[in-house]
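J.: Everything below, folded, please.
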Amino acid sequence: MEFAHRKWMYDRTHPNRAGLRVEFINGVKEFIAKAKTRNDFLIEGTIRCPCAKCKCIKLLKPDKVEFHILKNGFMDNYYVWTVHGENDANVASVDFQNAFDGVDNPVENNNVENSRFNEMLRDAFGMFPGVQSEPNDEAKRFYGELTEASRPLYEGSMHSKLSVAVRLLSIKSDYSISQAGMDSIIRLMNELNPSKIDLPKDFYTTKKMGSKLGLSSERIDCCEKGCMLFYKDDATLENCKFCNQARYKEVTKVKKKKVPVKSMHYLPLIPRLKRLYASMSSAPHMRWHYEHKRPPGVLCHPSDGEA
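T.: The predicted structure follows:
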């Protein structure tokens with residue numbers, strides 16, 4: 001009974017005549033609707049293809065994924081859509097409820113409640129039935145801010161203010177758009193917003209909204225010639241200890257703030273590792289190398305090597 005509501009996944013064709021089963025075609029549409037709530041689609045407009053050939057490796061447009069599945073069928077034993085936001089416990093409860101209610105094909109809610117951001121909330125803070133652990137103060141603050149930012153833009157919307165902010169930041173990065181260019185784009189979005197939906201006002205507020213994810217960056221001053229970083233024990237130095245190059249530009253009377261000659265942006269690793277281990281979808285991949293150790297002398301993966 002565990003996966004009864006998805007028996008259609010591997011019952012693709014009719015035994016006595018050509019063509020695909022209607023149940024399989026409808027089931028594929030159900031899968032596509034579920035996949036469209038994931039972060040890959042909300043940000044990039046693509047989803048991972050679980051067909052027998054792609055095996056969740058390729059990111060493709062939804063119509064291409066649907067064609068692949070109809071043509072090739074699903075990859076083996078993919079009853080639980082783990083790469084698309086599910087885990088065994090979730091599916092088991094759905095199966096039990098469907099069996100109790102007599103439902104064969106549950107309808108997926110295509111809104112922000114099923115989005116990657118909502119999954120992040122559930123995973124990061126143990127928001128599962130039966131979990132009694134209390135999040136720490138840092139987690140509570142993050143949870144409160146993220147909950148507020150992840151509210152649907154309007155009833156039934158699959159986007160939130162946060163998902164829009166992340167999408168805009170991604171576009172800026174992918175196409176190297178200037179800050180002034182982003183301000184112009186966001187102003188146009190607000191001018192074409194007759195319902196006065198709560199959208200970011202400019203690039204600054206968009207960037208600030210993106211910081212709700214807790215994945216900040218640090219700006220570190222560098223030597224102009226690349227000799228060193230003004231970091232940790234060297235953070236107070238004003239000249240390079242190797243070539244004596246000045247750290248700051250010449251200060252004028254008008255501009256009293258010290259401006260570094262050169263700087264870099266550092267993305268701290270620990271907050272990102274915390275997010276990866278907090279998510280039910282990515283945590284198994286983070287533990288994979290430890291849980292799948294091979295006997296000495298057996299090389300099945302680069303992690304089995306000495307280097």
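
J.: C-alpha only now, for contacts and for neighbours.
T.: OK.

J.: can you pull out the helices in the protein?
T.: Counting by DSSP state H, the chain has helices at residues 22-35, 39-44, 62-72, 88-101, 116-124, 137-149, 161-175, 179-191, 203-210, 269-278, 283-291.

J.: Next, the angle helix 269-278 makes with the last one.
T.: So that's helix 283-291. Between helix 283-291 and helix 269-278, the angle comes out at 100 degrees (axes from the mean of the first three to the mean of the last three C-alpha atoms, to 10 degrees).

J.: Same question for helix 283-291: list its buried residues.
T.: Within helix 283-291, the residues scored as buried using 16 or more other C-alpha atoms under 10 Å are residue 283.

J.: Could you list the residues in contact with that helix?
T.: 276, 277, 303 (C-alpha atoms under 8 Å, 6 or more residues apart in numbering).

J.: returning to that earlier point: any chance of the helices of the chain in JSON lines with mean pLDDT as columns?
T.: Below are the helices of the chain laid out as JSON lines (pLDDT from 0 to 100):
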{"stretch": "helix 22-35", "mean pLDDT": "90"}
{"stretch": "helix 39-44", "mean pLDDT": "70"}
{"stretch": "helix 62-72", "mean pLDDT": "92"}
{"stretch": "helix 88-101", "mean pLDDT": "41"}
{"stretch": "helix 116-124", "mean pLDDT": "50"}
{"stretch": "helix 137-149", "mean pLDDT": "70"}
{"stretch": "helix 161-175", "mean pLDDT": "87"}
{"stretch": "helix 179-191", "mean pLDDT": "93"}
{"stretch": "helix 203-210", "mean pLDDT": "86"}
{"stretch": "helix 269-278", "mean pLDDT": "81"}
{"stretch": "helix 283-291", "mean pLDDT": "82"}
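
J.: closest to residue 260 out of the ones you listed?
T.: The minimum distance between residue 260 and those falls on helix 179-191, with 20.1 Å, by C-alpha to C-alpha.
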